[in-house]
Each structure stands twice: as structure tokens, then as C-alpha cells.
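J.: Here is my input, please return the structure:
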Amino acid sequence: MPSLYDIKPAFQRLLRPVCLVLHQAGCTPNSITAATLVASVCFGAWMFAGKGGRLPFLILPVFLFLRMAANAVDGMMAREYNLCSASGAILNEVGDVLADAALYLPFAVLPGIHPLLPVGVVVLAALTEIAGLAGVAAGASRRFDGPMGKSDRAFVFGVFALLFGFGVVRNPVIWTVLFGVTAFLLIFTIFNRWRLALREIG
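T.: Next up, the predicted model:
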């Protein structure tokens, strides 16, 4: 299934100069990953503290883009400068799930959105990453297939943030439909990753 993850190689080529500058400055992939996680938790705390204020949600799409850039840079730096490590791989996987939770759970405090909808989506998002890693445990490659991978979720929540921030969507029914469709696509992604992992194993 199509996914924004498919454009990652082109995105990384654009970020290669940034990667070089950070490497020359002494940054490591793990330090970038850890800094991104801390920044995500802090930004999520600001969203929670705002209790439905619009400003952090209007800024969220920009932050999500910067987070995607940082995620691309740390992986590229690890591969191109031979800095891959087991601790880095674990930090990257766990950090992604925690950052997702920190940035997406604040939607549960917004007026017009039932709290269980964002919570359910965050749980399903974590399960998609578990499904991607399950392929490795079974002897396949790490699966990043869509249609609702990490980059796709960032795009969707960026749109949700703008819809709330500009007051475009106020009807609780519409929010329920939007989160319901997202949840369905996440469930489809879970089974898609399992299916393709099993196909790869043969």
C-alpha cells in the first residue's frame, strides 16, 4: 500500500548536508534520537497544559515535520558513518512509540473529541510498530508498510491539528468519523505488515 515512507530516500538526500554538519559537530545518532524524544514529550506537555488552546496545535504540524527530519537524519547518520548500535536501534523504536503517545494523546483533552478516540488510535499506532518488528523476530525485514505508518500518522495528526486550530471542525460526529477512519487504516496496516512479512519469509 502507498505510504509517505516511500519518499524517505528523496527526503534523506535533501537532508544529507544537515547530517554532515551535525556529524562534524560531534552529534551522534543516539543523541539526536534522545533529543527528539525529549522535545516531543515537552511539546506534548505544552499541548496538555493548554487545555484545548489553539496555539500549540497550530504549531504541531511544523514540529511533526521537524521530528520526521530528525528521525531521517539519525538513521542516515548511523548508516553512513558506521554508528549503528543495538542500543540505538532499541532507543529508536521505543522513542518513536513514546513520542507518538506524547504528541497525539493531547487530542483527548480537546472539546468535541471523545477521549477514547485518540487513546485508541495511539494504542493501534503502537501495535503497528510491534507488527513491523514482529517480522524481524520471524526472520523477515523490519516492515514499514502503510497505509498508516509513522509518516502517514504524522501527516494525519498534522491535518487534525490544523482543523482544530483554525476551528474548521467543531462537530463531534465529524471528529468521530475522522478518528474512526484513522483507526481502521491502522488496523489494516497491522495486518498488511504481518501479511507481507509472512510473504517475505515464504
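J.: contact partners of stretch 151-162?
T.: With Cβ atoms under 8 Å, 6 or more residues apart in numbering as the test, stretch 151-162 has contacts from 3-5, 8, 57-58, 60-61, 64-65, 67-68, 100, 103-104, 107, 125, 146, 148, 168, 178, 182, 185-186. Every residue, glycine included, has its C-beta placed from N, CA and C.
J.: what pLDDT does I113 get?
T.: Looking at I113, its pLDDT is 96.
J.: Residue numbering should commence at 465 henceforth.
T.: Sure, I'll start counting at 465 from here, so that last one is I577.
J.: roughly how far apart are it and A565?
T.: 16 Å (Cβ to Cβ, to the nearest Å).
J.: any chance you could map the helices in the protein?
T.: Per DSSP state H, the chain carries helices over the ranges 472-488, 493-513, 519-544, 550-568, 580-601, 614-629, 636-665.
J.: how big is the angle separating the lowest-mean-pLDDT helix or strand in the chain from helix 493-513?
T.: The helix or strand of the chain with the poorest confidence is helix 472-488; it has a mean of 86 (mean pLDDT, DSSP states H and E). For helix 472-488 against helix 493-513, the angle by axes from the mean of the first three to the mean of the last three Cα atoms, to 10 degrees is 110 degrees.
J.: Show me which parts of helix 472-488 are buried, residue by residue.
T.: Across helix 472-488, burial judged by 16 or more other Cβ atoms under 10 Å covers 472, 475-476, 479, 483, 486-487.
J.: Which residue would you name as the spatial centre of the chain?
T.: K614 (3.8 Å; Cα atoms, centre = their mean).
J.: Spatially nearest residue to it (excluding sequence neighbours)?
T.: Excluding its sequence neighbours, the residue lying closest to K614 (Cβ to Cβ, 6 or more residues apart in numbering) is D560, at 6.2 Å.
J.: That neighbour is in contact with N535, isn't it?
T.: Yes: counting by Cβ atoms under 8 Å, D560 does reach N535; the two are 7.3 Å apart.
J.: what residues do the two have in common as contacts?
T.: Common neighbours of D560 and N535 (Cβ under 8 Å, 6+ apart) are K614.
J.: which residues touch the least confident helix or strand of the chain?
T.: Helix 472-488 has contacts (Cβ under 8 Å, 6+ apart) with 496, 532-533, 536-537, 539-541, 544-545, 615.
J.: now with 7 Å?
T.: Under the contact criterion Cβ atoms under 7 Å, 6 or more residues apart in numbering, helix 472-488 has outside partners 496, 533, 536-537, 540-541, 545.
J.: Let me see the contact set for V583.
T.: Going by Cβ under 7 Å, 6+ apart, V583 touches 569, 572.
J.: For I471, see how far away it is.
T.: 30 Å.
J.: same question, L660
T.: 19 Å.
J.: Settle it for me: which of those two has more neighbours?
T.: The residue with more neighbours, out of L660 and I471, is L660; 18 against 10, by other Cβ atoms under 10 Å.
J.: Tell me how far the more buried one lies from H578.
T.: Going from L660 to H578 by Cβ to Cβ gives 33 Å.
J.: Would you check which pair of the contacts of helix 472-488 lies furthest apart?
T.: A533 and Y545 (17.6 Å; Cβ to Cβ).
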